[in-house]
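> Below: sequence and its predicted model.
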Amino acid sequence: MKLLDRAIGLALPAVPKPIVRYFSKRYIAGTSVDDALSVVRTLRAQGAMATLDILGEFITSIDEADATAGAYVALVRRIAHEGLPDTNVSVKLTAFGLLLDRERCLANTRELVRVAAECGNFVRIDMEDASCTSKTLEIYRTLRAEFPGRVGVVLQSRLRRTLGDVSALSGPDANFRICKGIYLEPRAIAYTDPELVRANFTLALEQMLERGAYVGIATHDERLVFEATRLLRRFDVPRERYEFQMLLGVEEELRRILLSEGHRLRVYIPFGEQWYAYSVRRLRENPQIAWYAFKAIFQRPTPTPNT
């Protein structure tokens, strides 16, 4: 079944977009800011916080990068205008021009963080594949020094370098999101055994908490949730110094359990016109849903019995 799941995942780009949209809509808030903020309000009523991500990365022109950065600035101002506390934004630096012009990317990200600080908000810099890791961390270091407490970054336990990055980045105002990471990297730079990825996640989280960093614990893996709560008790971490994080539409029961236990939890809410590439990636990560999408292509309507 695993081989079949993998084959289906690889075949997803050939699946008609309407079918992909149908099966991925639980993971995406919609195409507009209004759609996203409606989901934020629903989650707030359930006791959850939110981070918003405008879909679209690996852009091909500086004009696209500037437009995306401008959309994020407008989004942060809209969040402030709507009075939505505990709602922030997550950004992928390739969407801001990281691979085209590092200085322009830095300038775009600096302006976003400046506006976020002005609005009393916060920017999470997402992590992408390994070709972006060092460049992303350099920009994070620069902006953390300029805007302490207003910017954080993501580290991935799949990468062998992560424990070293935790040590190098720890210090005043360190703010991390730790996740497994979805990018399948070469074995030379990444762990390929799921148990090692889990072990590295736990070690990285332990180092972060030991050094007093604020941590977003991003996982849907209940074994890692168990390890995280063990470490939180061990270090007697105050509630305001950490949060759990989950993707929209994933492990909603575990989300409810964590909220009922009194943990702070933030939901990652993607939205925007560039929904298709994100959808395919999410479906590849969830073979069961990918299988349902694949079957839908071949299903024929059930004949209505004669009456």
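Here it is on my side, so go on.
> In the stretch 151-300 of the chain, where is pLDDT below threshold?
281-300 (pLDDT under 70).
> Tell me which residues touch the residue nearest to Tyr278 when sequence neighbours are not counted, please.
Nearest in space to Tyr278, with sequence neighbours left out and distances taken as CB to CB, 6 or more residues apart in numbering, is Leu55 at 5.0 Å. Every residue, glycine included, has its C-beta placed from N, CA and C. Neighbour list for Leu55: 28, 270-275, 277-278 [criterion: CB atoms under 8 Å, 6 or more residues apart in numbering].
> and Leu55, what pLDDT?
Looking at Leu55, its pLDDT reads 94.
> For it, what are phi and psi?
Dihedral pair for Leu55: phi -70, psi 140, per degrees, to the nearest 10.
> which one among the contacts of Leu55 gets closest to Ser131?
Ala277 (17.2 Å; CB to CB).
> Can you show me the strands along this structure?
For the chain, the strands defined by DSSP state E occupy 49-54, 87-91, 123-125, 151-156, 175-179, 214-218, 242-247, 265-271.
> So what are the sheet partners of the first one and their directions?
When pairing is defined by DSSP bridges, strand 49-54 lines up against strand 87-91 (parallel), strand 265-271 (parallel).
> That strand: which residues count as buried?
Buried residues in strand 49-54, counted by 16 or more other CB atoms under 10 Å: 49-54.
> Phe176 touches Ala168, doesn't it?
No - taking contacts as CB atoms under 8 Å, Phe176 lies outside contact range of Ala168: 12.0 Å.
> Settle it for me: which of these two has more neighbours?
Phe176 (27 against 11; other CB atoms under 10 Å).
> Enumerate every residue touching that one.
Phe176 makes contact with 152-155, 166, 169, 208, 213-216 under the criterion CB under 8 Å, 6+ apart.
> now the residues you listed in CSV, with distance to Lys17 and neighbour count?
CSV is the format used below for the contacts of Phe176 (distance: CB to CB, whole Å; neighbours: other CB atoms under 10 Å):
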residue, distance to Lys17, neighbour count
Gly152, 34, 22
Val153, 33, 22
Val154, 29, 23
Leu155, 33, 26
Val166, 40, 22
Leu169, 40, 19
Met208, 40, 25
Ala213, 41, 22
Tyr214, 39, 18
Val215, 37, 27
Gly216, 32, 23
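> tell me the angle the longest helix along the chain makes with strand 87-91.
If you go by DSSP state H, the chain has its longest helix at helix 62-82. With axes from the mean of the first three to the mean of the last three CA atoms, to 10 degrees applied, the angle from helix 62-82 to strand 87-91 works out at 170 degrees.
> that older thread, would TSV of the strands paired with strand 49-54 with mean neighbour count and distance to Ile59 be doable?
Below are the strands paired with strand 49-54 laid out as TSV (neighbours: other CB atoms under 10 Å; distance: least, CB to CB, whole Å):
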stretch	mean neighbour count	distance to Ile59
strand 87-91	23	12
strand 265-271	24	16
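> any chance of those in TSV, with distance to Lys180 too?
Converted to TSV, the strands paired with strand 49-54 look like this (distance: least, CB to CB, whole Å):
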stretch	distance to Lys180
strand 87-91	16
strand 265-271	14
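> Geometric centre of this structure: which residue is closest?
The centre of the chain sits closest to Tyr268, judged by CA atoms, centre = their mean, with a distance of 5.7 Å.
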